[in-house]
Each structure stands twice: as structure tokens, then as C-alpha cells.
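Asks: Below is the structure, and that's it, no one-letter string:
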């Protein structure tokens, strides 16, 4: 059942209605909570997993050689075309007491506390956004996530680490990104899809790639400080003017329930390593319930709005 707001949106923007039809095709009319063809990242072999939000396989393939990060690039299929789906497909229903999640994204808080769609027991969750968000500016910069990841690696030497960076997802924080959008814009790709801005596709692609370079600069420095086996990957990809399917409309952004190649083919870059960390399970944290308070809830909602989630 669709709300009146959703019906109104479909009438005002026919592409939104077509996108919903495409999504219904991919999720089998709501029978799939996530992409069943994707991998379970926690069943894979790694000590640290670096998540670049919205990073396409072809984008990392194009960018990685410019950085001093030695390793091998492979491709994987993600369980989601949006972060919430990826969380449901990988985190829900699991006891991950050997894992610490460092995140600049508010999505786990949303899916766990607000929507109650993800039930997971992690050893610890470090919400970088709760301390580093700067409303109306750049949100959580990659430097802040990298710093908290280093601190977590030192504090938890025998745990797996997942570090979730916001970039290359908007807002666009590179030099050209600031020039094109001097006023803060939370998600120009979604605005372009809805017809709210007219920025050409080539410019939006360039800003996306610039954002990827911005986060890779921090990742380049971070991987040298991490012991064990580090893998660089993504929660989902991004549409940068390609066409959705089966109804071939030109599209931008990362709509949920849209399992086209550009959305679910993600990088799996294994950084060269000589040693492994000794991972020990146990001492599961109580979860987000122990953290929730009105101030944190307000910050979470503001951060979601800042990234363009309505």
C-alpha cells in the first residue's frame, strides 16, 4: 500500500513511478528483503573491511592505480543497492561479537533504532557521526572515520574491524565539487533524477570520481597503519546516468531494490599483507538500546536529512 505522499510524487514525477515499477521487478514485488545473489561479507576472509559508500567496481578500478595501495582487485556482488538493504542482508539476525563497526553513516542507527529492521549484536559500534557531523557543511569527512578506525584498531587488536566511509557518496567535498555546488547540496544525483537541478551528467560523474579520490587519499594512509588482511569494498554502487531496467529510464543515484550491474557490482580489493590478526569472539555489546537518547536521535535524523534521505 502506498501513502498519499508517494502517490503524489509519482503523479508529479513519472520517472519516480517508473522507478518503483522497476524496483518491484527486482525485489519480486516485495518478496525480497535484499539481493539474494550477493555475498555475505561476514563469511568472507578479512581482518579489516573498509566500506566506501556507493563505490562502483569500475570507479575503483579506474582510480586505484593513482594511489600507493598495493593489492589485487576483484569484483563481488552486493546484497543491496542501498545501505539499508546491505545492512539487512549482512547484519540482521547475527551475533558478531568478534566485530567492531566504525561508521560515518547513520544507516545502522536508522535501521536498528528507528525502523527496527536490523537486529545485530556487535562487540562495539563507534558512531563517528555522533561527534563529527557539521550540519550544513561536509558531514563526516573521511579523515574523521580514518582516525576513529586507527583508534579502534589499537583499542581492539583482536577484533575484526568494519570502517564505513561516507564517500564517494555525496555531498561532494572536493575542490571542483565545492565550485559546482558552493551552497550545500545533500545529494545532487537524487535531485538530478527528480528534475530539481539541471547539472549535466558528465559533471556529476566527474564530481563522484573526485569524491572517490578524496576518500582514497585517507585510505592510502590508513592501510599502512592496519595489521592483518584489509579489504576495500562497497555497500552498493551508483547510477551516473545509466539506464535502469527492465524499463530503461535514464537514472541517477542509488535507489533501493535496483539490482542492475552498476548498483550491485562492487570492488573487492585485497591489500597485500604478510601477517594476520588473531581474532577473538566474545563480550558482545548490548546494542544501540544502551546508547539511545533524545540528543542522539536528533543528530541521527539531522544527519540522514543532510545526506538527502527524506
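Replies: Nice, thanks for sending it over. Not measured: the values here are computed from a predicted model. Numbering: from 1, shown residues only.

Asks: May I have the secondary structure class of residue 89?
Replies: Put simply, residue 89 is helix when judged by DSSP: H, G, I helix; E, B strand; the rest coil.

Asks: I figured it was touching residue 81, is that so?
Replies: No: Residue 89 sits out of contact with residue 81 when judged by CB atoms under 8 Å, with a separation of 10.7 Å. Heads up, the C-betas are built off the backbone N, CA and C, glycines and all.

Asks: More neighbours: which of those two?
Replies: Between residue 89 and residue 81, counted using other CB atoms under 10 Å, residue 81 has the larger neighbour count: 31 against 22.

Asks: wait, what's in contact with residue 117?
Replies: 84, 88, 92, 111 (CB atoms under 8 Å, 6 or more residues apart in numbering).

Asks: and the last one, that's in a helix?
Replies: Yes: under the criterion used here (three-state DSSP), residue 111 sits inside a helix.

Asks: For it, list the residues it contacts.
Replies: 84, 87-88, 117-118.

Asks: from those, which single one is nearest residue 153?
Replies: Here the nearest of the contacts of residue 111 to residue 153, counting by CB to CB, is residue 87; it sits at 22.3 Å.

Asks: quick one: that closest one and residue 122 touch, right?
Replies: No: with contact defined as CB under 8 Å, residue 87 does not reach residue 122; the gap is 11.6 Å.

Asks: just to revisit the earlier point, can I have the buried ones of the contacts of residue 111 as a PyMOL selection?
Replies: Buried residues among the contacts of residue 111 (16 or more other CB atoms under 10 Å), as a PyMOL selection:
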select buried, resi 84+87+88+118
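
Asks: would you list the contacts of residue 111 in JSON lines and tack on pLDDT and distance to residue 303?
Replies: As requested, the contacts of residue 111 are exported to JSON lines (pLDDT from 0 to 100; distance: CB to CB, whole Å):
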{"residue": "84", "pLDDT": "96", "distance to residue 303": "14"}
{"residue": "87", "pLDDT": "98", "distance to residue 303": "16"}
{"residue": "88", "pLDDT": "97", "distance to residue 303": "20"}
{"residue": "117", "pLDDT": "92", "distance to residue 303": "18"}
{"residue": "118", "pLDDT": "94", "distance to residue 303": "17"}
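
Asks: so can I have TSV of the contacts of residue 111 showing distance to residue 77?
Replies: Below are the contacts of residue 111 laid out as TSV (distance: CB to CB, whole Å):
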residue	distance to residue 77
84	17
87	16
88	16
117	21
118	20
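
Asks: Tell me the one of the contacts of residue 111 nearest residue 47?
Replies: Closest to residue 47, out of all of those and judged by CB to CB, is residue 87, at 20.7 Å.

Asks: ok now do the closest one, which residues does it touch?
Replies: 80, 107-108, 111, 118, 235.

Asks: so where's the stretch 1-150 of the chain shaky on pLDDT?
Replies: Residues of the stretch 1-150 of the chain meeting the criterion pLDDT under 70: 1-12, 132-138.

Asks: can you give me the strands in it?
Replies: Ranges of strands in the stretch 1-150 of the chain, per DSSP state E, counting those that start in this stretch, are 48-52, 71-77, 94-103, 120-127.
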